[in-house]
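**Student:** Just the structure for this:
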Amino acid sequence: MMAREFNDQEIESLVRDLESLRGGSIAAAALIGCGARAIPPLRSLLLQGRARSIYQPRQLAVETLGELSAKDVLLEYLSKPLAIKDAVVRFGEDAVRSTAARELARWQTDDVFECLTRAGSDHLLPGIVEALGAFRRIETMPYFLRALGDDVCRSYAEEAIRGLGIAARPFLIDAAVPGNSAVDQESSSSLQRRRWVLRILLDLALSEQDWTRLRGLLEEDDSEIVITTARIGLEVAQMPDRLGAVRRLIEMLPRADWFLRTDARAALAEHFDIAREEIEDEIARRTTAPSEDLGLDVVLRLLINLRNQALETGVVRR
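**Tutor:** Residues are numbered from 1 along each chain as shown. Okay, here's the model as predicted:
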């Protein structure tokens, strides 16, 4: 049995039904079945309709347009300047724009890429970051690096950068090294950005030349930057710098949170052969403290357990 064909008035009614949070998905499915005839009223809703704090109906309209392959309408919408003063309404419309960007990622074309780039030039949105990441174009690295400093967009930016692979390495190394301004005047977003840059670099194949650019980060004050840099150094640096990395790992242990201590301990255990002397020296130094303080020294317990485990498992000879 063939599905009934809706007339124009019924299609308009279905578009209005998108406003129902309960029945909107049913209306969207019916509109998709109407094909290209549903595009004009959906376009009118999206481009002429008013942005609101309850944004789900407009978001559903965008998803329906994507299913109808209405690329030009989505491009028109995302290219439209956004001037909304109300913060709650702006938040909702940002969600709609993010959805439009994700729908546009269906088309890996230059006009879509240019539209996404323009839309993201002044505003970070998760959907734009994710959609640009699908293109795997290295020229988007500055945008992804900026998004690494944003709590909402960070995970999408990280995925996009990792998708670029080794081509992202020079940009990441440049971004890891602080600029001309003093580190102690660094903004929180910049600090977060450099932390995440180093995490990504940790998983890339770096050279000794790359390490010479990163070596100075060992002398910074932020425990996460120092520990991640030290872990990189232990993998790629020559012996003098590897020993320096071990020392800085141990020095950062008292200030590191539980997760960073776990990372530092794993690095020291993996490279126990070169770290053993520094570990023994730190254990000896800490055991000179008053006996009532020893039981509270979590770093001492960590190092002793690490050493004993390494010796028991035969990582090194006694």
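
**Student:** can you give me the mean pLDDT across stretch 117-134?
**Tutor:** For stretch 117-134, the mean pLDDT works out to 93.

**Student:** Mind listing residues that contact that stretch?
**Tutor:** When contacts are taken as C-beta atoms under 8 Å, 6 or more residues apart in numbering, the neighbours of stretch 117-134 outside the stretch itself are 78-79, 82, 94, 97-102, 104-105, 108, 113, 116, 140, 143-144, 146-147, 150, 152-153, 156-157, 159-160, 163. Quick note: C-beta positions are derived from backbone N, CA and C, even for glycine.

**Student:** Name the residues of that stretch that come out as buried.
**Tutor:** Along stretch 117-134, the positions that meet the burial threshold by neighbour count (16 or more other C-beta atoms under 10 Å) are 117, 119-120, 124-134.

**Student:** And for stretch 142-154?
**Tutor:** Judged by neighbour count using 16+ other C-beta under 10 Å, the buried positions of stretch 142-154 are Tyr143, Phe144, Leu145, Arg146, Ala147, Leu148, Gly149, Asp150, Cys153, Arg154.

**Student:** Go through those and name the one nearest Gln192.
**Tutor:** Gly149 (5.3 Å; C-beta to C-beta).

**Student:** Which positions in the longest helix seen in the chain come out as buried?
**Tutor:** Ranked by residue count and defined by DSSP state H, the top helix of the chain is helix 87-104. Buried residues in helix 87-104, counted by 16+ other C-beta under 10 Å: 89-90, 92-104.

**Student:** again with stretch 298-314
**Tutor:** In stretch 298-314, residues buried by neighbour count (16+ other C-beta under 10 Å) are Val299, Leu300, Leu302, Leu303, Leu306, Arg307, Ala310.

**Student:** Restricted to helices, list these.
**Tutor:** When helices are assigned by DSSP H, the members of the buried residues of stretch 298-314 inside them are Val299, Leu300, Leu302, Leu303, Leu306, Arg307, Ala310.

**Student:** Can you name the residues that contact the first one?
**Tutor:** Meaning Val299. Applying C-beta under 8 Å, 6+ apart, the residues near Val299 are Leu253, Pro254, Glu282, Arg286.

**Student:** isn't the first one right up against Asp263?
**Tutor:** No. Taking contacts as C-beta atoms under 8 Å, Leu253 lies outside contact range of Asp263: 10.8 Å.

**Student:** worst-scoring helix or strand of the protein, pLDDT-wise?
**Tutor:** Of all regular secondary-structure elements in the chain, judged by mean pLDDT, DSSP states H and E, the least confident is helix 291-294 with a mean of 66.

**Student:** before we move on, the earlier item: most neighbours, which of the contacts of Val299?
**Tutor:** Leu253 (20 neighbours; other C-beta atoms under 10 Å).

**Student:** where's the closest residue to that one other than its chain neighbours relative to Ile250, distance?
**Tutor:** Nearest residue to Leu253 in three dimensions, chain neighbours excluded: Val299, at 4.7 Å (C-beta to C-beta, 6 or more residues apart in numbering). Between Val299 and Ile250 the computed distance is 8 Å (C-beta to C-beta, to the nearest Å).

**Student:** for Ala175, same thing?
**Tutor:** As for Ala175, its distance to Ile250 is 27 Å (criterion: C-beta to C-beta).

**Student:** now Phe144
**Tutor:** Computed as C-beta to C-beta, the Phe144 to Ile250 distance reads 34 Å.

**Student:** same question, Ala51
**Tutor:** In this structure, Ala51 and Ile250 are separated by 54 Å, where distance is defined by C-beta to C-beta.

**Student:** can you give me the helices for the stretch 101-250 of the chain?
**Tutor:** In the stretch 101-250 of the chain, the segments counted as helices under DSSP state H, counting those that start in this stretch are 110-120, 126-133, 141-148, 154-164, 169-176, 188-202, 208-214, 223-236, 239-252.

**Student:** Would you reformat the ones you listed as CSV and include distance to Glu10?
**Tutor:** Rendered in CSV, the data for the helices of the stretch 101-250 of the chain read as follows (distance: least, C-beta to C-beta, whole Å):
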stretch, distance to Glu10
helix 110-120, 32
helix 126-133, 31
helix 141-148, 43
helix 154-164, 39
helix 169-176, 53
helix 188-202, 50
helix 208-214, 63
helix 223-236, 58
helix 239-252, 67
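
**Student:** Please identify the most buried of the ones you listed.
**Tutor:** Compared across the helices of the stretch 101-250 of the chain, helix 126-133 shows the largest average neighbour count, a mean of 25 (mean count of other C-beta atoms under 10 Å).

**Student:** hey, C-alpha coordinates of it in PDB?
**Tutor:** C-alpha atoms of helix 126-133 as PDB (Å, rounded to 0.1, in the frame of the first residue of the first chain):
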ATOM      1  CA  PRO A 126      31.200  22.200  19.200                       C
ATOM      2  CA  GLY A 127      29.300  21.400  16.000                       C
ATOM      3  CA  ILE A 128      31.500  23.600  13.900                       C
ATOM      4  CA  VAL A 129      34.700  22.100  15.400                       C
ATOM      5  CA  GLU A 130      33.400  18.600  14.800                       C
ATOM      6  CA  ALA A 131      32.300  19.400  11.200                       C
ATOM      7  CA  LEU A 132      35.600  21.100  10.300                       C
ATOM      8  CA  GLY A 133      37.400  18.100  11.800                       C
END
